[in-house]
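Asker: Using only what follows, build the 3D model:
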Amino acid sequence: MPQMSYILYKTCLAAHRGLSRRRMPVGPAGRCFYCCFGINMAYFRRYTTPHPYGQTLRAGAAAGRASAARDGLRALDGPFVVADLETTGLSVATCEILEFAAVRVSACGQIEREFTQVVRTDGRVPPFISRLTGITQAEVERDGVPVRQAFGDFLDFIEGGPLFFHNASFDRRFLQAAADRTGLPFEAQTRCTLMLARQAWPELPSHKLNVLARHLGASEPTHRALADVRTTVAVALAARARLAAQG
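Answerer: This is a model prediction of the structure:
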């Protein structure tokens, strides 16, 4: 096999590994290569050439993330609220909020007030959640309050300030489910310290809260909501300083 043909053959095989011959459409532009190498070059060009629309979508998504990060950075200039939830699992459809926590932070970065409340869930606390968070069924029965009461107190506490979560989309889904269940309105705009951390430390392999805590020398999260909130405050303040220095 000529050298260039062999290189092209290997390139096509690498691009199409795992695809069967019958899945590759045959067109005039690719028929000769298909016959020689089992590769349809028209198919190769179609599915490996970057599409302008896809590039536009990626550029738009990147611009959206940068805009959200700038908005979050501006929100950190004044007093703000950082919050966290513990839940009985990952699915909004089948799991419940187990614990609310939030802190109010002054413009100079001092924690001024704290809020935490365990929820008396309808179902029992799964054993693996107790192992992860330390929240036991006994604690829920002793200290928990109905979700409507806990959610209402949480809404009162966060009112009036920009609201931050680490990985805000997860918490927002559970808060919206709580709003639907209780009839209490949840209208706060949530901002994400995970997004800020990705902008501030793009060199890190992960931006999970425990990784960021180790990187910053902050207290590591324990999967209790208030402890995780305090760690998130440290991340938010460090990201604010780093991004401000970057201009």
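Asker: element containing the nearest residue to R198 once chain neighbours are set aside, please.
Answerer: Ranked by C-beta to C-beta, 6 or more residues apart in numbering and with sequence neighbours excluded, the top spatial neighbour of R198 is H207, at 5.3 Å. All C-beta atoms are positioned from the backbone trio N, CA, C, and that covers glycine. H207 belongs to no helix or strand when assigned by DSSP states H and E.
Asker: contacting residues around H207?
Answerer: Residues near H207 by C-beta atoms under 8 Å, 6 or more residues apart in numbering: 194, 197-198, 201.
Asker: mind running it again at 7 Å?
Answerer: 194, 197-198 (C-beta atoms under 7 Å, 6 or more residues apart in numbering).
Asker: per-residue pLDDT, it?
Answerer: With respect to pLDDT, H207 scores 98.
Asker: Which residue ranges of the chain form strands?
Answerer: Along the chain, counting by DSSP state E, strands occupy 80-87, 97-105, 111-118, 163-165, 190-192.
Asker: Mind putting these into JSON lines with distance to P221?
Answerer: Putting the strands of the chain into JSON lines (distance: least, C-beta to C-beta, whole Å) gives the following:
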{"stretch": "strand 80-87", "distance to P221": "9"}
{"stretch": "strand 97-105", "distance to P221": "11"}
{"stretch": "strand 111-118", "distance to P221": "14"}
{"stretch": "strand 163-165", "distance to P221": "13"}
{"stretch": "strand 190-192", "distance to P221": "16"}
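Asker: Please tell me how far the residue nearest to G144 when sequence neighbours are not counted sits from L98.
Answerer: Closest residue to G144 apart from its sequence neighbours, by C-beta to C-beta, 6+ apart: R120 at 3.3 Å. Distance of R120 to L98, computed by C-beta to C-beta, to the nearest Å: 10 Å.
Asker: cool, and G72?
Answerer: 27 Å.
Asker: okay, the two: which has more neighbours?
Answerer: Neighbour totals were compared for G72 and L98, and L98 leads with 27 against 23 (other C-beta atoms under 10 Å).
Asker: where are the low-confidence patches of this protein?
Answerer: For the chain, the stretches with pLDDT under 70 are 1-69.
Asker: ok, back up a step: the residue nearest to G144 touches D143, doesn't it?
Answerer: No. With contacts counted by C-beta atoms under 7 Å, R120 stays clear of D143, the gap being 8.6 Å.
Asker: Tell me which of the two has more neighbours.
Answerer: Remark: of R120 and D143, R120 carries more neighbours, 16 against 13, as counted by other C-beta under 10 Å.
Asker: Restricting to C-alpha, output stretch 153-168 in PDB.
Answerer: C-alpha atoms of stretch 153-168 as PDB (Å, rounded to 0.1, in the frame of the first residue of the first chain):
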ATOM      1  CA  ASP A 153     -37.500  30.200  57.300                       C
ATOM      2  CA  PHE A 154     -34.800  29.700  54.700                       C
ATOM      3  CA  LEU A 155     -36.600  32.100  52.300                       C
ATOM      4  CA  ASP A 156     -36.900  34.700  55.000                       C
ATOM      5  CA  PHE A 157     -33.200  34.400  55.700                       C
ATOM      6  CA  ILE A 158     -31.900  34.700  52.100                       C
ATOM      7  CA  GLU A 159     -34.300  37.600  51.200                       C
ATOM      8  CA  GLY A 160     -32.700  40.700  49.800                       C
ATOM      9  CA  GLY A 161     -29.200  39.400  48.900                       C
ATOM     10  CA  PRO A 162     -27.500  37.800  45.900                       C
ATOM     11  CA  LEU A 163     -27.700  34.100  46.400                       C
ATOM     12  CA  PHE A 164     -24.700  31.700  45.700                       C
ATOM     13  CA  PHE A 165     -24.500  28.000  45.700                       C
ATOM     14  CA  HIS A 166     -21.600  25.700  44.600                       C
ATOM     15  CA  ASN A 167     -23.100  23.900  41.600                       C
ATOM     16  CA  ALA A 168     -26.200  26.000  41.800                       C
END
